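In: Predicted structure and sequence below. I'll ask about it afterward.
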Amino acid sequence: MKHTITLLSFLTAMFCFTQATAQHSKKEKQTAYFGKALPVDRNGYTPCVNTEYDSYLDAKYPERQTIQEFENWMAAKIEERKNRFQLKTTNEVITIPVVIHIIHNGDPVGVDENITDEQAISQIQVLNEDFRKLAGTPGFNDHPDGADLEIEFCLAQRDPGGSPTTGIEHINLGQASWNSFEAIDGTLKAETQWDPERYLNIWVCKMGGEMEGVGGYAYFPQTSGLPGLAGSEGTAEIDGVVLAYYGIGSEDIYPEGTYSFGRDKGRSASHEFGHFFGLRHIWGDDNSCSATDYCDDTPPVVGLHFACSEADTCTEDNKVDMIENHMDYTLDECKNIFTNDQKERVMTVLENSPRRMSLANSNGCVAPENVEYDGSLFIEDIDTGCSQNFNTQLRLTNIGSETITQAVINYRIDNGDTQTYNWSGNLETNAFETITINELSASAGDHIFYADIISVNSITDNYGFNDAKQRSFAYAEGFVYDTETITLNLQNDAWGSEVTWVFKNSSGEILYSGGPYEDEEETMPPLITEVFEVESNECYTFTIKDEFGDGICCFSGNGYYSLITDDNTTLVTNGDYGFGDKVSFNKPVEMGINDYTLQGLSVYPNPVNDALYISSKLTGNASYTIYNNLGQIVANGNTSLNNNTGINTSGLSQGIYIIKINSDVKDKSFKFIKQ
């Protein structure tokens, strides 16, 4: 079944509509990031934010060349190209390898942003129809200025390591949506990009927060290593095209996909690929007839178009607006033209920009020789909880031609000791299995987990690109507190419909949950209070999420959440958490003094002024850790259990603390009061 993302069901019956003056209410938040109102169609859709992305990059990389510097360079190169003919002859088609990274947060294939391969494949067909002006397809036109760009695209058949690939990756980065250029450049692209000199990278994801409703954008070639300009070296690690998951592919080719009305024929990608190869919006990103896209055969226009109806915004010339040009904002079904002057710009970029020129010489579209044994590794998840011990899930895939029955995987955290995991099973070609590695440990802070396939079926795996993977993660020890209940106080902002939360135990069972809530347009909503009953010797995790990615404190009211123990101690409070916040709690075993003695351990005096003693009927060595009421470590050390050993607490402030004693035979926590 085709899924159409639309606000009004009757839009599916419409062919043309005029630009809407009323925006989706969430668009008011979008201006906080971009600094201006973005144009949206009636479906709440902003087709492209390439101009805004360029402005963001200009601010982040002030050494970048200016638009005018680039255009001066382009003008000279175009003129030089027109005076020679030997570099590019008619019918010499360039084929460019494409890799599509489908970014999701664990949804099954075909659900939400984790679109199917078939939807992605349909996009390649549309690109080839549009860039080749292919007869008998929606990409054909008989306009006198319409051009066959003589560029074709293929899904990559070999990955950067030389191993076979479909050219499509489904990657779980554990994040439902992406709300900023910073997050997409710094995390999404950084963790998934293939060599941009050999592959045109497409990232397909869900946009949220300030990016909600955005259709896509591309890395413009102005800083792609173009020679002869200062600051032209570019930033290779962010090069490529980003598309919203509902704006890729064609419902005409694959009706079962997920699409946005009016952006369901695959022309969002044709538009962004135009930017990738140096084309600008036909209105020159200005609202005047004097603005230019540097192509003489695209008539001057004032502003963008959403409607399919004929328009003439600059009457001093003798041509109507070229609303059917791929570099306008009209509906997908209206667009079918790249012009000859646009082709000239694209060819100039392809002949002079190293990361564009090298794509034409890439072997990514050439299938590798048959590979018998080749395993591919991906880090699916790193699951931290209350204790220092946690686990990670690896996905082992067989992309060779022979069945894999065993694999040796090395792994480590940061620069720690390398460990080995020996897997055995039965993986046929393209089959995969999720491997869980338990009992990992790390200190509180930021870390990197590394994993690498050493061999499959006792044969060294030679394709290092798909063998070695790494993933960043943050580890924070859970709060430790002795309480019967934890109370949630939740003060939503005006957008309660964005907020959901869950409270889980160590088995992942949802014990309590809430949201989404009602929106409040004029007043702040009432305070929400929930009480969670907690048991001894159990780990609990509270997770709160904001669908829009702007938290609850700062833009639409001073909201917050707090978690409070039964003695009215606030464990955590926050409201400025973006897409969400997550915190864990560990309630220790409750014991009376008789239980301590019976089990061989006790602590005294309690309350304590100076030295806290551990009394034990056991022998051996032990370590101890003291936590304050926020779960922060304030002291630790080693002791022995064969006599009374004093622990100096004189440096602690007055308050309630937990001491956790660890030994080979005991692992107990006790509450004490420091006077």
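Out: Received the coordinates, thanks.
In: I'd like the average pLDDT over stretch 189-207.
Out: In this model, stretch 189-207 has a mean pLDDT of 94.
In: Could you work out the end-to-end span of that stretch for me?
Out: 14 Å (CA to CA, to the nearest Å).
In: Buried residues, that stretch. List them.
Out: 189, 191-207 (16 or more other CB atoms under 10 Å). No exception for glycine: its C-beta is placed from N, CA and C like everyone else's.
In: just checking, which of those residues belong to helices?
Out: Within the buried residues of stretch 189-207, no residue falls in helices by DSSP state H.
In: domains for this protein, by residue range?
Out: Domain segmentation of the chain under the TED database yields 42-86+94-272+339-360, 375-475, 485-587, 601-674.
In: Compare these and give me the one nearest Ala311.
Out: domain 42-86+94-272+339-360 (16.0 Å; CB to CB).
In: Span of that closest one from start to end?
Out: 39 Å.
In: With stretch 317-328 instead?
Out: End-to-end distance of stretch 317-328 (CA to CA): 19 Å.
In: possible to save the domains of the chain as a markdown table with distance to Cys314?
Out: Shown next, in a markdown table, are the domains of the chain (distance: least, CB to CB, whole Å):
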| stretch | distance to Cys314 |
| --- | --- |
| domain 42-86+94-272+339-360 | 16 |
| domain 375-475 | 51 |
| domain 485-587 | 39 |
| domain 601-674 | 65 |
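In: for stretch 113-123, what is the average pLDDT?
Out: According to the model, stretch 113-123 has a mean pLDDT of 96.
In: now that stretch, how far from the centre of its chain.
Out: 17 Å (CA atoms, centre = their mean, to the nearest Å).
In: beta partners for Ile404?
Out: Under DSSP bridges, the beta-bridge partners of Ile404 are Leu427.
In: For it, the count of nearby residues, please.
Out: Using other CB atoms under 10 Å, Ile404 has 28 other residues around it.
In: I'd like the distance between it and Glu428.
Out: From Ile404 across to Glu428, the span is 8 Å (CB to CB, to the nearest Å).
In: Now the common contact residues for the two.
Out: Asn398 (CB atoms under 8 Å, 6 or more residues apart in numbering).
In: list the contacts for Glu547?
Out: Ala176, Ser177, Gly208, Ser497, Glu498, Val499, Thr500, Pro516.
In: Could you dump these into JSON lines with neighbour count, secondary structure and distance to Asp293 added?
Out: Putting the contacts of Glu547 into JSON lines (neighbours: other CB atoms under 10 Å; DSSP: H, G, I helix; E, B strand; the rest coil; distance: CB to CB, whole Å) gives the following:
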{"residue": "Ala176", "neighbour count": "19", "secondary structure": "coil", "distance to Asp293": "36"}
{"residue": "Ser177", "neighbour count": "22", "secondary structure": "coil", "distance to Asp293": "32"}
{"residue": "Gly208", "neighbour count": "24", "secondary structure": "coil", "distance to Asp293": "31"}
{"residue": "Ser497", "neighbour count": "16", "secondary structure": "helix", "distance to Asp293": "40"}
{"residue": "Glu498", "neighbour count": "25", "secondary structure": "helix", "distance to Asp293": "38"}
{"residue": "Val499", "neighbour count": "25", "secondary structure": "strand", "distance to Asp293": "43"}
{"residue": "Thr500", "neighbour count": "16", "secondary structure": "strand", "distance to Asp293": "44"}
{"residue": "Pro516", "neighbour count": "14", "secondary structure": "coil", "distance to Asp293": "43"}
